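1. Let's see this in three dimensions:
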Amino acid sequence: MIKITGGLFKKKQLETITKFVRPTSSIKREAFFSIINSYGLKNSYDFFKNKIFLDLFAGIGTMGLEAISRGIEGVIFYENNQNVIKVLERNCELLCNKKQYKIIKENILHSNIDLNFDKVSIIYVDPPYQKYNINNLLNKLENKIKIGTIIGIETSINDNFIIPNKLKLINKKKYGKTNMSFLTLC
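-> From the prediction side, this is the model:
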């Protein structure tokens with residue numbers, strides 16, 4: 001059972017699917033948003049008001065919907081598995097109005113990511129563990145994001161990626177067999 005951990009929809013249950021996804025645990029979601037909030041306070045930056053959350057490898061939408069619950073203006077989800085998209089759509093309809101989300105039904109690894117990044121403040125990257133190399137994706141993102149945007153990456157401790165030249169690591173935490181890395185523009 002997956003429940004929202006904070007904000008307006010705290011304890012609201014999300015629909016899930018047993019195949020194809022590995023939803024981010026409640027402990028990691030709480031830690032992720034705590035790190036974002038702490039970084040925002042230290043840098044006098046509001047990551048939520050009038051901002052967009054970009055959820056890559058969205059799955060059932062757990063992280064993006066958590067961001068909606070915590071006050072972000074909108075979420076753009078990238079997901080390409082049709083079975084998972086059906087569940088993602090139902091979860092979005094449960095918690096959001098149509099203006100708060102957009103689902104892009106394509107493989108993010110093959111996408112040009114043709115979006116307006118002006119309001120994107122947080123990007124969450126959570127690829128299937130040990131399946132994809134996200135280096136090209138990070139290289140694309142570093143040339144599109146604005147200063148202040150945070151890229152949060154959830155990977156297996158056995159997954160490696162290269163931090164592109166324009167990005168810097170601002171925080172990294174280990175949770176069991178998972179690493180969470182936080183990057184921003186230099």
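
2. For the residue nearest the centre of the chain, give the beta-bridge partners.
-> Nearest to the mean C-alpha position of the chain, by C-alpha atoms, centre = their mean, lies Tyr124 at 2.3 Å. Counting by DSSP bridges, Tyr124 is bridged to Asp55, Gly152.

3. Looks like it contacts Thr149 (just checking).
-> No - with contact defined as C-beta atoms under 8 Å, Tyr124 and Thr149 do not form a contacting pair (11.5 Å). To be clear about C-beta, it is placed using only N, CA and C from the backbone, and glycine gets the same treatment.

4. about what we covered before: residue contacts, the residue nearest to the centre of the chain?
-> 32, 53-56, 63-64, 152, 154 (C-beta atoms under 8 Å, 6 or more residues apart in numbering).

5. And the longest helix along the chain, what does it pack against?
-> The single longest helix within the chain, with elements called by DSSP state H, is helix 26-42. Other helices and strands packing on helix 26-42, by 3 or more C-beta pairs under 8 Å, 6 or more residues apart in numbering; DSSP states H and E, are helix 62-69, strand 150-156, strand 167-175, strand 178-185.

6. Out of the ones you listed, the one nearest Gly40 is which?
-> Closest to Gly40 of the helices and strands packed on helix 26-42, according to C-beta to C-beta: strand 150-156, at 8.8 Å.
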